[in-house]
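A.B. asks: no sequence on this one, just coordinates:
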């Protein structure tokens, strides 16, 4: 398993009661551990553990509450034999949470705000010497879908430019380019057409970022379309658990467009999509 080369599958573990897809299902340590064991068994390479929802209009919780939800589960998961040779990611925008999680053994930090919501985040991550996922989002989850944050002239170029500014800040804070993973933020600060443009425009987004920084040419790209609202609106599935087929289609398009890591809820079916896409890409290279 690696972050560059064959596509890595990142499983989602939500410990918050208000996550859009599975809120409240995995708040107990027992339920969370059982879900992680299942995801690893189905082929997940990475588990992304989040204790705070980043859904539109989600209420922000304190650092203390996030740690109370996260750490007991994290400690048990890191002690599981199944976790050996796997990666554990912490999904947080608080530097204190990131530092504590990494001190316990977490392997990477996934920051949906790319440093916007905690001015200390990137400096702290630099000191932790772990990979850092920087995602595109405008402002914060509570306002990201406001009208003013949904204005684009060219969504791919603007996402790339805005994301690169966050990446540049990360580098200035001491995070080297080779430890940065880029995420165009599907479902964040975007309408349906913006999400579709982003998903189909991953090569453009990468090219625009590389045009501003050659050092980012080999940066892994992560996408997280799994069960997002825009899939439900397109496919007429109001319930998030009914959006797995559309998720697989999105993941397929994303990998063929250059994504290296896919963040999903349904591991088993998406692993099949990943394996097929990797096989097709290898065939194209060797043809």
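C.D. replies: Cool, the structure landed. Since the model is a prediction, treat every value here as computed from it, not as a measurement.
A.B. asks: for the stretch 1-150 of the chain, give me the ranges with low pLDDT.
C.D. replies: Applying pLDDT under 70 to the stretch 1-150 of the chain picks out residues 1-5, 18-25, 57.
A.B. asks: which parts of it are helices?
C.D. replies: Taking DSSP state H, counting those that start in this stretch to define them, one finds helices in the stretch 1-150 of the chain at 29-41, 63-78, 95-104, 121-128.
A.B. asks: quick one: closest of the ones you listed to residue 89.
C.D. replies: If you check each of the helices of the stretch 1-150 of the chain against residue 89 by C-beta to C-beta, helix 95-104 wins as the nearest, at 9.0 Å. (C-beta placed from N, C-alpha, C; glycine too.)
A.B. asks: helices or strands up against that closest one?
C.D. replies: On a contact count with 3 or more C-beta pairs under 8 Å, 6 or more residues apart in numbering; DSSP states H and E, helix 95-104 meets helix 63-78, strand 87-91, strand 108-111, helix 121-128.
A.B. asks: about what we covered before: tabulate the helices of the stretch 1-150 of the chain in JSON lines, adding columns for mean neighbour count.
C.D. replies: Formatted as JSON lines, these follow (neighbours: other C-beta atoms under 10 Å):
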{"stretch": "helix 29-41", "mean neighbour count": "17"}
{"stretch": "helix 63-78", "mean neighbour count": "18"}
{"stretch": "helix 95-104", "mean neighbour count": "20"}
{"stretch": "helix 121-128", "mean neighbour count": "21"}
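A.B. asks: quick one: buried residues of stretch 271-284?
C.D. replies: By neighbour count on 16 or more other C-beta atoms under 10 Å, the buried set for stretch 271-284 is 271, 273-274, 277.
A.B. asks: meant to ask about stretch 146-159
C.D. replies: Using 16+ other C-beta under 10 Å as the test for burial, stretch 146-159 gives 149, 152, 155-159.
A.B. asks: hmm, back to that, mind checking the helices of the stretch 1-150 of the chain for the one nearest to residue 49?
C.D. replies: Using C-beta to C-beta, the nearest of those to residue 49 is helix 63-78, at 6.2 Å.
A.B. asks: what does that closest one rub up against?
C.D. replies: Applying C-beta atoms under 8 Å, 6 or more residues apart in numbering, the contact partners of helix 63-78 are 13, 15-16, 27, 29, 32-33, 36, 47, 49, 51-52, 83, 88, 90, 92, 94, 96-97, 100-101, 104-106.
A.B. asks: how distant is that helix from the center of its chain?
C.D. replies: Put simply, helix 63-78 sits 19 Å off its chain's centre (C-alpha atoms, centre = their mean, to the nearest Å).
A.B. asks: residue 40 against residue 34, yeah?
C.D. replies: No - if you go by C-beta atoms under 8 Å, residue 40 and residue 34 don't touch, sitting 11.1 Å apart.
A.B. asks: which residue ranges of the stretch 151-287 of the chain form helices?
C.D. replies: Secondary structure of the stretch 151-287 of the chain by DSSP H, counting those that start in this stretch: the helices cover 155-172, 192-200, 202-212, 229-235, 244-256, 267-286.
A.B. asks: could I get the helices and strands packed on helix 95-104 as CSV with distance to residue 231?
C.D. replies: Shown next, in CSV, are the helices and strands packed on helix 95-104 (distance: least, C-beta to C-beta, whole Å):
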stretch, distance to residue 231
helix 63-78, 27
strand 87-91, 20
strand 108-111, 21
helix 121-128, 29
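A.B. asks: so which of those is nearest residue 185?
C.D. replies: strand 108-111 (11.3 Å).
A.B. asks: direction included, what does that closest one pair against?
C.D. replies: Looking at strand 108-111 with DSSP bridges, its partner strands are strand 87-91 (parallel), strand 132-135 (parallel).
A.B. asks: what's the local residue count around residue 265?
C.D. replies: When counting by other C-beta atoms under 10 Å, one arrives at 22 neighbours for residue 265.
A.B. asks: equivalent analysis for residue 62, please.
C.D. replies: 10.
A.B. asks: please apply the same query to residue 129.
C.D. replies: When neighbours are defined as other C-beta under 10 Å, residue 129 has 11 of them.
A.B. asks: from here on, count from 27
C.D. replies: Sure, I'll start counting at 27 from here, so that last one is residue 155.
A.B. asks: now residue 258. Nearest residue, chain neighbours left out?
C.D. replies: For residue 258, ignoring the flanking residues on the chain, the nearest one in space by C-beta to C-beta, 6 or more residues apart in numbering is residue 269 at 5.4 Å.
A.B. asks: right, I'll leave it there.
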